[in-house]
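1. below are the sequence and a predicted model; questions follow.
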Number of protein chains: 2
Amino acid sequence: MEPVNIKHLARELNVSISTVSRALRDSHDIGAETKRRVMELARRLNYEPNPYASSLRRQKSRTIAVVIPEIANNFFSLAINGVQTIAQEKGYHVLIYLTHEDYGQETAIIRHLLCGRVDGVLMSLSAQTEDIAHLQEVQRKGVPIVFFDRVCTELETARVTTDDYNSSFKATEHLLEQGCSRIAYLLISPNLSIGIKRMQGYIDALQKHGREADDRLVLQGSHDPERNYALIAQLLCSGQRPDGIFASVERLALTTYQVCRDLHLSIPGDLKIVSFSNLETAPLLQPSLTTITQPAFEIGREAARILFQSFHPRQRGVPHQQVILNSTLMKRASTGYSS
Amino acid sequence: MEPVNIKHLARELNVSISTVSRALRDSHDIGAETKRRVMELARRLNYEPNPYASSLRRQKSRTIAVVIPEIANNFFSLAINGVQTIAQEKGYHVLIYLTHEDYGQETAIIRHLLCGRVDGVLMSLSAQTEDIAHLQEVQRKGVPIVFFDRVCTELETARVTTDDYNSSFKATEHLLEQGCSRIAYLLISPNLSIGIKRMQGYIDALQKHGREADDRLVLQGSHDPERNYALIAQLLCSGQRPDGIFASVERLALTTYQVCRDLHLSIPGDLKIVSFSNLETAPLLQPSLTTITQPAFEIGREAARILFQSFHPRQRGVPHQQVILNSTLMKRASTGYSS
DNA sequence: CTGTTAGCGCTTTCAG
DNA sequence: CTGAAAGCGCTAACAG
C-alpha cells in the first residue's frame, strides 16, 4: 500500500511539499482555501505525520521519560497517572523505565536517554544510587530533569516531595498520644533522602516529648521479606517489646501484621501501628491501620508541570524550585477490630 | 558543545561515515583494527546513536506501546512490569498510554501510534469499547497487536488471558462447599470479555450443584463508588440477604467490607466473600478474604514475548494464538478473624 | 502566499 | 575491506 506521507498529499493536491507541511501546522501564512483542502485530504486519508522524521529535524521528540525504581507499588502507579494526565494534555508521549532499585540499570537507562530520545526526564532515585555522575551528565547535556519523591539533593534542579519530616513527626506524636511509650521505627535503605527525613521526624518528635530514640527500637529492614519477618518477630519477642510501631514503608507494616497474627498479638490492643501507605484501600481491609498517605497523583502531576514549564523557550533550564506537598494522616479506629 | 554524532567520529578517525556506522553494528565486513578504534573512540566520547535518525531510516522504532485502561490498579502495574522485563531484555523502549476507560481516548491513542511510532502494541480494552474499527485499522497497517486480559474476541490476533471461566467456577464451588446457599455475584461493565466469562463460570457452577442463578442476586456495579455502596447495602439489607458473595473485581469486594462494617455484619461469620484480586498483600491485611489472583506479571511477560516473536522476519504477522494462564485461588481462614 | 532547497543523523546500496 | 552518495519524512531558511 502506498505510504501516505506529506509528499503523497502534495502530489495529490498539486501543491508543494512545504505548503502542505505549513498548512498542517503554521496556519497563518497559507491561504485559507489551500489550508482547507490540505486538511480535508489529510483527514480523508488518515494522514499522521511521521514523528521520527519530525523529531530528527526539530531536535525535539515530544516525549518524556519517567524513570522509577519499581511500578508494582501504588505510589509510583498513581504518580505515573498524574504525569500521564499532564503529558496527554500537552500532546507528549511517555516512556517508562524501571531501575528495579539497581544502580547499574539506572545508569544504563539514563545513557539511553541522552541522545535526543526525550525532551525531559522525571525521576525517582533507586535505593542503591550513591554516585551521581550519570545525573550530572543529564544536566550537562541540557536535558531538563525533575526529581520526585526520592530526590537527589546533590543536584541543582527541581524537586517534588511530600512533607516527610512533618508527617513523620505528627505520626510519632499520634502514637505518643495513644499512650505508646516504646515506639519502634522500621526503615529500609538508609541512603535515600526520604528515609533520612522520615527518621528525623520520628527522632525529633520523641525528643520533644522528653524521650530519647532508642537504637534497639530502630530496625533496618531489607528487600528480603523473610529477613524482615525474622527481624520484626525478634523485636516483638524480645524483652523490650515495643507498644507502638512506625513503619516508614507499607511493606514493613504488612509484615508486622503477619508477625502479630502468628504471635497472637492484637492490634491495636497490644501494639499500635502507623505506616506510610499509598494503598487507599488499606483501611477498608484493615481498619486498625493508621496511615500516612502521600498525594501520589498530585506529586506526579506537579513534577510533570514543572518539567513542561522548562520546555518553554523563555525558560533557561529547570528552575531550581522545591515543591512540598502535604501527606494525610488518617487516624484509624483506636478501639475494637481486634484481629 | 560540538554534537558527537557519527560524522564527528568519522572525521576524528579519518575514516568514512559508513565505515563508522558499520563498525558500530555490522561487525563482520570491517577490519578488526578499524572496528576496535571506532569502538574505542565511541566509548570515550560517550557516543549514543540518535534513535530517531535510525528509526526514520530503518522504519523501525525499537519501541512498543502498552495501552491500558488505568494504571492505579495492581493488575496493570504488575503486567507492565512483565512487559518491561522482556522489552528491556530485547533492547526495546516502552510507551505507556492510559485510556481511562474512555473509548474516545482509546481511538485517539491508537491513531497516534499508526505512523511508525511503534513496532507493536500490547493492549487491554477499555470498558466502553464496542466499535473496533480503530483496532482493525491497526491490523490493516500491519502493526502487530497482542491483547491481554481484556481481549478483543472479534479480531484475529494473539490473546493472553487467565482462566476466567474456570477460576470463577471453582470460586463459586468453594463458596458452596463453605455452606453458602445464596451466593450473589457482583460485576462491572458487562461488555468486557472477562466479565462474561467470569459470570458464566458462576452460573454454571451453581447449575452443576442443582441451583439456579437468581437475577436478584446479580448486582451490576458502576464506576461510581457511592452508587456501588448503596447497591450493596441494599442487597445486604433486603429480605433476601445473600450468605456468600463473589466479587468479579476487587473494588466491589472492598466496598462490601465497608458495608459489612457499617452494618455490623461479620465476615466470614455472616457472609463469605471471594474476590478477584491482584493485591498480593490483601490477605496480610484481611485474612478472611478469599482471593483469585491472576498471574499479572506473567501475563504481561507472555504478551510481550508473543509480540516480539512476531517481529522476527520469518513470521508473517502475529500468530493467532491464545494463551491462557491459570489464576490461583487462595482460600483464606474460614474461621475466626471476625471484623 | 507558495515553491525550492538544504539538511536533521543514520543506513544501505553500489562502486571501487 | 572501505568510501561515495542517495534518501527515510519532515522542517525551515530563503527566494520568488
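-> Yep, that arrived.

2. now do the helices in chain A.
-> Under the criterion DSSP state H, chain A contains helices at A:6-13, A:17-23, A:32-44, A:51-58, A:74-90, A:103-113, A:133-140, A:164-177, A:193-208, A:225-237, A:250-263, A:282-285, A:296-309.

3. least confident of those, on average?
-> Per-stretch mean pLDDT for the helices of chain A is lowest at helix A:282-285 (a mean of 80).

4. what's next to that helix, contact-wise?
-> A:250, A:289, A:291, A:330, A:332, B:254-255, B:257-258, B:282, B:285-286, B:289 (CB atoms under 8 Å, 6 or more residues apart in numbering or on different chains). C-beta coordinates here come from the backbone N, C-alpha and C atoms, glycine included.

5. closest to residue B:123 out of the helices of chain A?
-> helix A:74-90 (16.0 Å; CB to CB).

6. for residue A:161, list the residues it contacts.
-> Taking CB under 8 Å, 6+ apart, one finds A:148, A:149, A:151, A:193, A:194, A:299, A:322, A:323, A:324, A:325 in contact with residue A:161.

7. mind pulling up the pLDDT for it?
-> 95.

8. ok, now how distant is it from DNA strand C?
-> Separation of residue A:161 from DNA strand C (CB to the nearest atom of the strand, to the nearest Å): 36 Å.

9. closest point of the stretch 101-250 of chain A to DNA strand D, which residue?
-> residue A:116 (12.8 Å; CB to the nearest atom of the strand).

10. that residue: what's it in contact with?
-> Neighbouring residues of residue A:116 by CB under 8 Å, 6+ apart: A:55, A:59, A:61, B:50, B:51, B:52.

11. again, only using 6 Å
-> Residue A:116 sits next to residue B:50 when contact means CB atoms under 6 Å, 6 or more residues apart in numbering or on different chains.

12. same question, the one 4 residues further on
-> With contacts taken as CB under 6 Å, 6+ apart, residue A:120 has the following neighbours: A:64, A:144, A:307.

13. list the buried residues in stretch A:220-238.
-> A:221, A:228, A:229, A:231, A:232, A:233, A:235, A:236 (16 or more other CB atoms under 10 Å in any protein chain shown).

14. for that stretch, give me every contacting residue.
-> Outside stretch A:220-238, the residues touching it (CB under 6 Å, 6+ apart) are A:186, A:187, A:188, A:219, A:252, A:255, A:256, A:259.

15. scan the residues you listed and report the most crowded one.
-> residue A:256 (28 neighbours; other CB atoms under 10 Å in any protein chain shown).

16. show me what contacts that residue?
-> If a contact means CB under 6 Å, 6+ apart, then residue A:256 has A:232, A:245 as its contacts.

17. and residue A:46, how far from chain B?
-> Per CB to the nearest CB, to the nearest Å, residue A:46 is found 8 Å from chain B.

18. the spatially closest residue to that residue that is not a sequence neighbour: how many residues sit nearby?
-> Spatial nearest neighbour of residue A:46, excluding adjacent residues (CB to CB, 6 or more residues apart in numbering or on different chains): residue A:4 at 7.0 Å. Residue A:4: 17 surrounding residues under other CB under 10 Å.

19. returning to what we had before: closest to DNA strand D out of the contacts of helix A:282-285?
-> Nearest to DNA strand D out of the contacts of helix A:282-285 is residue A:250 (CB to the nearest atom of the strand; 45.4 Å).

20. that closest one: how many residues sit nearby?
-> By other CB under 10 Å, neighbour count at residue A:250 equals 21.

21. please apply the same query to residue A:320.
-> 10.

22. same deal with residue A:104?
-> For residue A:104, the count of nearby residues is 11 (other CB under 10 Å).

23. can you check the one 4 residues further on too?
-> The criterion is other CB under 10 Å. On that basis, residue A:108 has 14 neighbouring residues.

24. go on, residue A:105?
-> 18.

25. ok, now residue A:78?
-> For residue A:78, the number of neighbouring residues by other CB under 10 Å comes to 23.

26. does it touch residue B:74 like I think?
-> No - using CB atoms under 6 Å, residue A:78 is not in contact with residue B:74; the gap is 11.6 Å.

27. roughly how far does whatever residue of the stretch 51-200 of chain A ends up closest to DNA strand C sit from residue A:114?
-> Using CB to the nearest atom of the strand, residue A:57 is the residue of the stretch 51-200 of chain A that sits closest to DNA strand C, at 3.4 Å. For residue A:57, the distance to residue A:114 (CB to CB, to the nearest Å) stands at 20 Å.

28. in terms of neighbours, single out the busier of the two.
-> With neighbours defined as other CB under 10 Å, residue A:57 and residue A:114 compare such that residue A:114 has more, 18 against 10.

29. in contact with residue A:94, which residues?
-> Residue A:94 is in contact with A:84, A:87, B:96, counting by CB under 6 Å, 6+ apart.

30. could you dump these to JSON lines with neighbour count and distance to DNA strand C?
-> Formatted as JSON lines, these follow (neighbours: other CB atoms under 10 Å in any protein chain shown; distance: CB to the nearest atom of the strand, whole Å):
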{"residue": "A:84", "neighbour count": "23", "distance to DNA strand C": "28"}
{"residue": "A:87", "neighbour count": "26", "distance to DNA strand C": "24"}
{"residue": "B:96", "neighbour count": "23", "distance to DNA strand C": "25"}
